[in-house]
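K.L.:
I'll drop the sequence and a predicted model, then ask my questions.
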Amino acid sequence: MPLKTSSAVRAIGHPLTALLLLFFTTSWSRSQDAEQSATIEVHADQPDGTMIPIWNYFGYDEPNYTYGPNGKKLLAELAAASPAPVYVRVHNLLTTGDGSASLKWGSTNVYTEDAAGKPVYSWVILDRIFDTFHAAGIKPLVEIGFMPEALSSHPQPYRHNFPQGPVFTGWAYPPKDYQKWAELVFQFVHHLGERYGDTEVKTWLWEVWNEPDIGYWQGTRDEFFKLYDYTVDAVLRALPEARVGGPDSTGPANPKAAEFLRSFLDHCARGRNYVSQKTGSRLDFILFHPKGSPKWQDGHVIMGLARQLASIQQGFRIVNSFPEWRDTPIILGESDPEGCAACSARTNPQNGYRNGALYAAYIAESLAATYALAAQEQVHIMGTVSWSFEFEDQPYFEGFRELATNGIDKPVLNAFRMFDLLGDQRIKATSTRSLPINQIVSVGVQQQPDIRAIATHHGQQLEVMIWNYHDEDVDVPASPNDLVVKGLPESAHRALLEHFRVDRHHSNAFTAWNQMGSPQSPSAQQYEQLQRAGQLQLLTSPARIPLEHGVTHLQFTLPRQAVSLVRLAW
């Protein structure tokens, strides 16, 4: 049965206190299986550092979805929700083809050669992609790849047909001529600078290739280092102020991936540059890809959060082991619950979590853990790329890892909207039911749930984001929560309360779609209903609540795999 969520607001000394306490005591005692209550304390007068918006990064394989109708819609929504710049990273910006898209495929046809082997550049498709970014206010995290067919040292076969046949075809090979590759990169960057202006492109980020430690690079490790050096040199010749990074390798929890990341960092710090023949290569930020590993067991999914966090922790430690790179910003170039965005729940049942509120709770949990690990390992975390966007011309709620389906926003997008509502200054927040970060890294959230909070403030407003997460997606009674906010101004006697919620019944278009019979061709009226259900929703109507001596209490239940954002303004 779906869980029923009740909520109420109680202020110290308010006449309704006894009545509300009786209500909650009664409702919580209806089930002997009810979860232990959680007390969350927020101290508005205790700063806890700057809130760096690391969540404002997204990515996807198929660049040609960018300018599709739903792609444009989603990019506009991402930019509009965020007070900070949103960065987007896409594969296949230099891949040869006609611009048609399919799963894990895209192309721009920027580089071909004439009969004499001379370069021919075409920017038409590329400009459609970057014009769409620019119009939406998106900042590109420009991934320089993959290999054009005419430059590939092993061009055939070239286009793959995922999920049939091999994915790593001619586009994944080293160039047959590194000088021609470097000239392509120079012309690519120069063109973007001319089209959008140096002032704009200086705010972008630039990085080389994708996951060169696995099949995405069909050359040797040293050949990739050579590609990196030639690429960075060409970028800086075209745009000397560019910020460039790499290697966007896979999760360092794998020993081979860890060794590749170490070797790359060593090359950039102490190795011989293939272009200048001097020591070292430019590296303004470092990227690697932590991924989780969910599994399907006894008819439900068990998430693999520990695997993702182990890669984050190991990657941080590797970076910190190099004195040259300890202060270098880190971007988790793809930080996700698992590895294949284009693998649907139809063929991979564990991926069904992507449609519902579990994905939203997982994002909150993994981002909070990323902040905690960055502080613990004393590294500079700059961003975490969620490799999720949307897929054109696919069934509704097919279970791809995406933020929206056919223009209908999924619950996970509302988790990102909640993060966008946070202020820029963190304040101290504790929970009696939060788990130690080292335990979560070691075994995940396997026994008791993790009920955790992040709190921020700016001006005369305070935000508290609270979630109830567990790796195992099974139904349990909701948890009673007692939120205590202290340290508010003594002069403030009332505050406006807004309580946003993502759970099975709020901010959840998937539930609405199931309730209307899971239509694959929804009527106009049904589509409008799904659009509304996909927006971030209030749990209760806004209310003005009393404050006494800078303190207020709020009580509400929080289901498993749910996220709340409480906002107070005075």
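P.N.:
Yes, it's here.

K.L.:
contacts, neighbours, all on C-alpha from now
P.N.:
Noted.

K.L.:
the helices in the stretch 301-450 of the chain, which residues?
P.N.:
305-320, 357-377, 411-421, 437-443 (DSSP state H, counting those that start in this stretch).

K.L.:
Would you mind telling me which of these is nearest Ser541?
P.N.:
Closest of the helices of the stretch 301-450 of the chain to Ser541 is helix 411-421, at 17.1 Å (criterion: Cα to Cα).

K.L.:
list the contacts for Ala182?
P.N.:
Contacts for Ala182 (Cα atoms under 8 Å, 6 or more residues apart in numbering) come out as Tyr230, Thr231, Asp233, Ala234.

K.L.:
rerun at 6 Å
P.N.:
Neighbour list for Ala182: Tyr230, Thr231, Ala234 [criterion: Cα atoms under 6 Å, 6 or more residues apart in numbering].

K.L.:
one step back: I'd like the helices of the stretch 301-450 of the chain laid out as CSV, including mean pLDDT, mean neighbour count and distance to Pro69.
P.N.:
Formatted as CSV, the helices of the stretch 301-450 of the chain follow (pLDDT from 0 to 100; neighbours: other Cα atoms under 10 Å; distance: least, Cα to Cα, whole Å):
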stretch, mean pLDDT, mean neighbour count, distance to Pro69
helix 305-320, 98, 24, 33
helix 357-377, 98, 21, 24
helix 411-421, 98, 23, 18
helix 437-443, 97, 16, 40
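
K.L.:
Put together CSV for those helices, with distance to Tyr216 on each row.
P.N.:
Formatted as CSV, the helices of the stretch 301-450 of the chain follow (distance: least, Cα to Cα, whole Å):
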stretch, distance to Tyr216
helix 305-320, 19
helix 357-377, 26
helix 411-421, 28
helix 437-443, 28
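
K.L.:
Those helices: which one's closest to Ser518?
P.N.:
Here helix 411-421 is closest among those (Cα to Cα), at 16.3 Å.

K.L.:
Let's have the contacts of Ala182 in a markdown table, adding distance to Leu74, pLDDT and secondary structure.
P.N.:
Formatted as a markdown table, the contacts of Ala182 follow (distance: Cα to Cα, whole Å; pLDDT from 0 to 100; DSSP: H, G, I helix; E, B strand; the rest coil):
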| residue | distance to Leu74 | pLDDT | secondary structure |
| --- | --- | --- | --- |
| Tyr230 | 35 | 98 | helix |
| Thr231 | 31 | 98 | helix |
| Ala234 | 33 | 98 | helix |
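
K.L.:
In terms of distance to Glu211, which of these ranks first?
P.N.:
Closest to Glu211, out of all of the contacts of Ala182 and judged by Cα to Cα, is Thr231, at 15.7 Å.

K.L.:
which one is the closest one nearest to, not counting chain neighbours?
P.N.:
Ala182 (5.8 Å; Cα to Cα, 6 or more residues apart in numbering).

K.L.:
Backbone dihedrals for that neighbour, both of them.
P.N.:
Main-chain dihedrals, Ala182, degrees, to the nearest 10: phi -60, psi -40.

K.L.:
all numbers from here: first residue = 352
P.N.:
All right, first residue 352 from here; so that's Ala533.

K.L.:
Distance check, it against Pro563.
P.N.:
Ala533 is 18 Å from Pro563, where distance means Cα to Cα, to the nearest Å.

K.L.:
that older thread, most neighbours of all the contacts of Ala533, which one?
P.N.:
Thr582 (26 neighbours; other Cα atoms under 10 Å).

K.L.:
so where's the longest strand in this protein?
P.N.:
strand 389-401 (DSSP state E).

K.L.:
Quickly run through the sheet partners of it, with directions.
P.N.:
strand 776-782 (antiparallel), strand 830-837 (parallel) (DSSP bridges).

K.L.:
how far is it from where the chain is centred?
P.N.:
Put simply, strand 389-401 sits 25 Å off its chain's centre (Cα atoms, centre = their mean, to the nearest Å).

K.L.:
Stretch 884-892 too?
P.N.:
Put simply, stretch 884-892 sits 22 Å off its chain's centre (Cα atoms, centre = their mean).

K.L.:
returning to what we had before: which residues touch the longest strand of the chain?
P.N.:
With Cα under 6 Å, 6+ apart as the criterion, strand 389-401 contacts 775-784, 832-839.

K.L.:
what about burial for those, which qualify?
P.N.:
Buried members of these, scored by 16 or more other Cα atoms under 10 Å, are 775-782, 784, 832-837, 839.

K.L.:
ok, of those, which one's closest to Tyr722?
P.N.:
Arg777 (11.6 Å).

K.L.:
Okay, and the beta partners of the closest one?
P.N.:
Applying DSSP bridges, one finds that Arg777 bridges with Thr807.

K.L.:
Neighbours of Val536, how many?
P.N.:
23.

K.L.:
Could you look up the SS state of it?
P.N.:
helix (DSSP: H, G, I helix; E, B strand; the rest coil).

K.L.:
List the contacts of it.
P.N.:
By Cα under 6 Å, 6+ apart, Val536 lies in contact with Ala585.

K.L.:
distance of the residue nearest to Thr582 from Ala593?
P.N.:
Taking Cα to Cα, one finds Ala533 at 16 Å from Ala593.

K.L.:
Then His731?
P.N.:
19 Å.

K.L.:
Now distance to Val461 too, for the contacts of Ala533, in TSV please.
P.N.:
Listed next are the contacts of Ala533 as TSV, based on distance: Cα to Cα, whole Å:
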residue	distance to Val461
Tyr581	19
Thr582	16
Ala585	16
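
K.L.:
buried ones in stretch 439-458?
P.N.:
Here stretch 439-458 shows 439-448, 450, 452-458 as buried, counting by 16+ other Cα under 10 Å.

K.L.:
Identify all contacting residues around that stretch.
P.N.:
In contact with stretch 439-458 (Cα under 6 Å, 6+ apart) are residues 408-415, 459-460, 491-493, 496-500.

K.L.:
which residue packs closest to the most centrally placed residue in the chain, ignoring adjacent ones?
P.N.:
Nearest to the mean C-alpha position of the chain, by Cα atoms, centre = their mean, lies Ser737 at 2.5 Å. Excluding the flanking residues, the one nearest Ser737 by Cα to Cα, 6+ apart is Phe409, at 4.7 Å.

K.L.:
Look up the pLDDT of that neighbour for me, please.
P.N.:
Note for Phe409: predicted pLDDT of 98.

K.L.:
coming back round to it: so of the contacts of stretch 439-458, which ones are in strands?
P.N.:
Using DSSP E, the contacts of stretch 439-458 in strands are Tyr408, Phe409, Gly410, Tyr411, Pro491, Leu492, Val493.
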